[in-house]
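**Q** here you go, sequence then predicted model.
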Amino acid sequence: MIANDTDRLPDRVGVRAVLLAGIVGGTLVPVYYLLLADVTPLAWDFRAYRHAAELFVSGEPFVGVEPPVGGGEWVYPPIVVVLFAPLAAFPTWTGAYVAFTVVNVGLLALTAALIVRIAERVRGERLPSLDRTLLWLFVMGNTFAAVVLGQGQVDPLVAACLAGGVLALEREREILPGVLFGLAAVIKLFPVVVGVWLLYRRAYRTVAAAVGTGLAAVAASFALFGVDTHRAYLDLILHDRSRLSDAAAGLDPNYSALTLHRPLSALFPELSPLAYVALAVVTAFPIVAVCCLQSATVTDRLVAFLATVAAGLLVTPATMIHHAVYLLVPLLPLLYGIERPGVRRLLCLGTLFMLFPVLPAQIQRAFAVSDVPAVVTSNVMRVVTPVLSVGTVTLYGLLIVLAACVNYRLWGIGRRSSVPSRSADD
C-alpha cells in the first residue's frame, strides 16, 4: 500500500533535494566554461553535424570529417546525416545552432513530460505539482542537459525515443516502442542492448519492430550512400572511434569517460584492448542478470531497464559522461517508485554523484582562479588525481546506482520468499 503524503514527506524531501542539486549543477556548467575554462567548446559537436550536412548536400564525403572549428567529427551512421541536411540551408552556423537548440529544448521538454508520466505510473497516482515542476526543470536543466545543449548534440532525440518506448510498452503497445527503440539504435548504436530488456519482457513483436526499423534504415542508407561510405564508417567506428587503443595506453584522467575501461586499464595495464571489453561484459552481466530476475511491477521493469542501458554504456569504450542523460528515463521514476528507504537513499546518493562530473583539470583550474594557496592545491590534487584517474565521479555514481538496483532486486526476492502474500512495492 502507498503511504499518504504526510508519511512520505521525508522521502520526498530527499528526492527533491537531489533534483534541486541537479538543477544547480546544470547552471554551473555554463558558469565554468564561460568564466573559468581556458577553452569554451560551444557548439563543437553541432559544427561537426552542420559541416557534414553541407558536405552531404554538396555530394562530398562526410564520414569522420572534422569542421574547421571545434573538436568534433561526424561519427554517426551515414543515414543519420539526412536529419541534419536542413541545417545546410542556414547562411551562418549561429542561426543553424539557434534553430537546432530550439529543437533540442523541445525534445527535452517531451522527454520530461514522458518521464513524469512514467513516474506517475510507477506511483499509481498523480505527483504533486511541486514534484512535477522539479522533474521538468531537472530534465531541462540538469548537468548533462547543459552539456548536450551547449555542444549541440543529438542526445535529446535518443532520450525522447527511449522514454517514449518505455511508456508505450507499459501501455501495452507493441509496434510503436519497437520503432522508437529501433530509431534510437540507428542514431547511437548502443541502444541495441535494449533488445535484451525486450526479450526479458517477452515483447517479441516489439523486438521484431525494432529489428525491422533498423534493417529498413540500413537498406535506405546503402541505397543512398553506397558501399564505400559504409566501409569508411565501419573503419572509423572499429578503429578510431572505438578508443580501444586509448584504453590500452591508459586513459587521460581528464578524459570524460563513462566506461569500465578506465578502471580496468588502471588495474590491469598489461592487458590487450579486447580484454577490457571481455572483462567489462563479465562484470556487467551478473548485474543485469540479477536485475532481470523479476518483472511483476513497473518498478521491477524499470530497474531491469536501468541496469540494461547502464551495462550498454559501461561496456562501450567510447561512452562519455554526458551519455548518462539516457539513464534519466528509468532513474528519475525510480526515485519515486522504490519504497525501501535504504535502497532509495543509495539511489539518491548515486544520482547526486553522477550530477557533478568534475575532472582533475577543472578542480585545478578553479583553485588557480580563486587564489587558493599552492600547498592546499597540491595536497588536494595529490588525492583527487589518482581517484579520478581510476574512475570519473559519474562512473562512481553510476556504480552506486547499480548497487541500489541489485539491493532492491535481492531484497525484493527475499521479501517475497518470507512473505509470499505481499509484493515488493507494497
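**A** Perfect, I can see it now.

**Q** name the nearest residue to G72, sequence neighbours excluded.
**A** Once flanking residues are discounted, G72 sits nearest to A48: 3.4 Å by CB to CB, 6 or more residues apart in numbering. Every C-beta, even on glycine, is put in place using the N, C-alpha and C of the backbone.

**Q** next up, the contacts around the one you found.
**A** Residues near A48 by CB atoms under 8 Å, 6 or more residues apart in numbering: V65, E66, P67, G70, G72, E73, W74.

**Q** and what of L267?
**A** Shown in contact with L267 (CB under 8 Å, 6+ apart): V390.

**Q** could you do D45 as well?
**A** Residues in contact with D45, defined by CB under 8 Å, 6+ apart, are G70, G72, Q151, G152, Q153, V154.

**Q** repeat that for 10 Å
**A** With contacts defined as CB atoms under 10 Å, 6 or more residues apart in numbering, the neighbours of D45 are 67, 70-75, 147-148, 150-155, 322.

**Q** out of those residues, which end up buried?
**A** Buried residues within those, counting neighbours by 16 or more other CB atoms under 10 Å: 67, 70, 72-75, 147-148, 150-155, 322.

**Q** re the thing from before, could you tell me which of the contacts of D45 are located in helices?
**A** In helices, judged by DSSP state H, the following of the contacts of D45 are found: V147, V148, G150, Q151, D155.

**Q** possible to save these as JSON lines with distance to P386 and pLDDT?
**A** Supplementary listing: the ones in helices among the contacts of D45 in JSON lines, determined by distance: CB to CB, whole Å; pLDDT from 0 to 100:
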{"residue": "V147", "distance to P386": "25", "pLDDT": "93"}
{"residue": "V148", "distance to P386": "29", "pLDDT": "94"}
{"residue": "G150", "distance to P386": "29", "pLDDT": "94"}
{"residue": "Q151", "distance to P386": "28", "pLDDT": "92"}
{"residue": "D155", "distance to P386": "30", "pLDDT": "95"}
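
**Q** just flag the most distant two among those.
**A** By the measure CB to CB, the ones in helices among the contacts of D45 have their two most distant members at G150 and D155, which lie 11.8 Å apart.

**Q** still on that earlier bit, lowest-confidence entry in the contacts of A48?
**A** Across the contacts of A48, the bottom pLDDT score, 76, is held by G70.

**Q** ok, so what distance separates it from A284?
**A** Per CB to CB, to the nearest Å, G70 is found 32 Å from A284.

**Q** right, and the helix or strand after the lowest-mean-pLDDT helix or strand in the chain?
**A** Across the helices and strands of the chain, mean pLDDT, DSSP states H and E gives its lowest value to helix 244-249, namely a mean of 65. Proceeding N to C from helix 244-249, the next assigned helix or strand is helix 261-267, under DSSP states H and E.

**Q** that following helix: what's the following helix or strand?
**A** With DSSP H and E, the next secondary element past helix 261-267 is helix 273-291.

**Q** check which residues of that next one are buried.
**A** For helix 273-291, the buried set under the neighbour-count rule, 16+ other CB under 10 Å, comprises P273, Y276, V277, L279, A280, A284, I287, V288, V290, C291.

**Q** ok, stretch 225-232 next?
**A** For stretch 225-232, a neighbour-count test (16+ other CB under 10 Å) marks F225, T229, H230, A232 as buried.

**Q** which one of the residues you listed is nearest S378?
**A** For S378, the closest of the buried residues of stretch 225-232 turns out to be A232, at 46.7 Å, with distances computed as CB to CB.

**Q** I'd like the distance between that closest one and F353.
**A** In terms of CB to CB, A232 sits 39 Å off from F353.

**Q** kindly export stretch 208-216 (C-alpha atoms) in CSV.
**A** Once non-C-alpha atoms are left out, stretch 208-216 reads as follows in CSV (Å, rounded to 0.1, in the frame of the first residue of the first chain):
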residue,chain,number,x,y,z
ALA,A,208,10.6,-7.6,-34.5
ALA,A,209,9.5,-4.0,-35.0
ALA,A,210,12.9,-2.7,-33.7
VAL,A,211,14.8,-5.1,-35.9
GLY,A,212,12.6,-4.1,-38.9
THR,A,213,13.2,-0.4,-38.2
GLY,A,214,17.0,-1.0,-38.1
LEU,A,215,17.0,-3.1,-41.3
ALA,A,216,14.9,-0.5,-43.1
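
**Q** now for L107: which residues touch it?
**A** L107 touches V148, V154, D155, P156, L157, V158, A159, A160, C161, A163, counting by CB under 10 Å, 6+ apart.

**Q** A324 versus that one, what's the distance?
**A** 17 Å.

**Q** next one: P191
**A** Using CB to CB, one gets 14 Å for the distance from P191 to A324.

**Q** of the two, which one has the most company?
**A** Between P191 and A324, A324 has the larger neighbour count (other CB atoms under 10 Å), namely 27 against 24.

**Q** what's the closest of the buried residues of helix 273-291 to V375?
**A** Distances from V375 to the buried residues of helix 273-291, taken as CB to CB, are shortest for Y276 (37.3 Å).

**Q** in contact with the closest one, which residues?
**A** 244, 247-248, 259-265, 268, 315, 317.

**Q** retrieve the pLDDT associated with it.
**A** Model confidence at Y276, expressed as pLDDT, equals 89.

**Q** what's the neighbour count on L271?
**A** When neighbours are counted by other CB under 10 Å, L271 registers 15.

**Q** does it touch L279 like I think?
**A** Yes. At 7.7 Å, L271 and L279 qualify as touching, with contact defined as CB atoms under 10 Å.

**Q** overlap in contacts of the two?
**A** When contacts are counted by CB under 10 Å, 6+ apart, L271 and L279 have L264, S265 as shared neighbours.

**Q** F367 versus E172, what's the distance?
**A** Noted for E172: a distance of 54 Å to F367, by CB to CB.

**Q** neighbour count: the two, which is higher?
**A** The neighbour count for E172 versus F367, taken as other CB under 10 Å, is higher for F367 (17 against 8).
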